[in-house]
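*Asks:* Turn this into a structure:
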Amino acid sequence: MSKGPAFFSEFGKKAKDVLTKDYCSDQRFTVCSKSATGLALSSSVGKNGGLSSGNLSARYRHKNAVLNVKVDTESNQILTTVTITDILPSTKTVASLKLPDYDSGKLATQYCHEHATFSIAVSTNRSPAVDFSATIGTPSIAFGAESSYMTGSRKFLKYNAGVSMTKPNSNASVILADKGDSLRFSYLHYLDQLNGGAVVGEISRKFSTNENTLTVGCSYLVDPHTGMKAKLNNHGNLGALLQHELRPKSYLTISGSFDTKALQRNPKFGLALSLKP
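*Replies:* From the prediction side, this is the model:
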């Protein structure tokens, strides 16, 4: 797809990944394998408290098409997704369906231009929802908006707008969300002192409840195979994470969190092991 401004769903994503990605409060084990024919298999089992869950997924790639099938034991559903790129230049089309819910089908298309991007997704039920997003600008600065419209009730479920600014060593975004009820600002800056890691700050305000949340975090590369992350917000929630690459593409992740304002509560710990060929 051609180079252009980021899609609206990517506004603030790099900062959000530092604050949320790979954090977990359960135990999970994942094994992946891949064949020379383009078929990739992945199985995962997890335990959260006294509840166990698992899933099995298969991914097959052929030319510009990718087929994904995922079986989830927790929801007893089979998610099937077909992705085709460049049916038309600079486009990606995604069709998805959750079985046995035949009304869960969705068809989405993305288009990327040198100075604009847009995406539209339509559900296939009797009263379809239409999700639309668009951005204009450059890879350095982009303005965008997204909305979701219910054709049955003729109402907008959401409409958000924002701006994203990207530089080689930093990323900032401002998003007005929840139909104008919340405002979120995030900033990420890469630092050489952290061996290529980053510091992140995120401020969010909900106008209807007059609530403010400030979250700061950082990532630090101990060595080429080991990374650490930490985060803390003004409500006293502290989290930390250690991730080590056992071998190429195989990771052991240990994370924990606790409430510094309620030390009598037990902290939460998570453990994830992902093995890939």
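
*Asks:* ok so residue 235 is a strand residue?
*Replies:* No. Applying DSSP: H, G, I helix; E, B strand; the rest coil, one finds residue 235 to be coil, outside a strand.

*Asks:* Spatially, what comes nearest to it if we skip its sequence neighbours?
*Replies:* residue 213 (6.8 Å; C-beta to C-beta, 6 or more residues apart in numbering). No exception for glycine: its C-beta is placed from N, CA and C like everyone else's.

*Asks:* Show the contacting residues for that neighbour.
*Replies:* By C-beta atoms under 8 Å, 6 or more residues apart in numbering, the contact list for residue 213 reads 202-205, 233-235.

*Asks:* Out of those residues, which comes closest to residue 184?
*Replies:* residue 204 (4.3 Å; C-beta to C-beta).

*Asks:* Hmm, residue 110 is touching residue 116, no?
*Replies:* No. The criterion here is C-beta atoms under 8 Å, and residue 110 misses it with residue 116 at 11.8 Å.

*Asks:* Compare neighbour counts for those two and give me the winner.
*Replies:* A count of neighbours by other C-beta atoms under 10 Å puts residue 110 above the other of residue 110 and residue 116, at 19 against 15.

*Asks:* for that one, which residues make a bridge with it?
*Replies:* With DSSP bridges as the criterion, residue 110 is bridged to residue 92, residue 119.

*Asks:* about what we covered before: each with direction, which strands does whichever helix or strand the residue nearest to residue 235 is part of pair with?
*Replies:* In this assignment (DSSP states H and E), residue 213 forms part of strand 211-223. In the sheet, strand 211-223 lines up against strand 198-206 (antiparallel), strand 226-233 (antiparallel) (DSSP bridges).

*Asks:* Let me know the next secondary structure element after the shortest one.
*Replies:* What that stands for is strand 226-233. Following strand 226-233 in sequence, per DSSP H and E, is strand 237-247.

*Asks:* now the helices for this protein?
*Replies:* Assigned by DSSP state H, the helices in the chain fall at 13-20.

*Asks:* where in it is pLDDT low?
*Replies:* Across the chain, residues meeting the criterion (pLDDT under 70) sit at 1-2.

*Asks:* Any idea what residue 28 is bridged to?
*Replies:* Applying DSSP bridges, one finds that residue 28 bridges with residue 46, residue 272.
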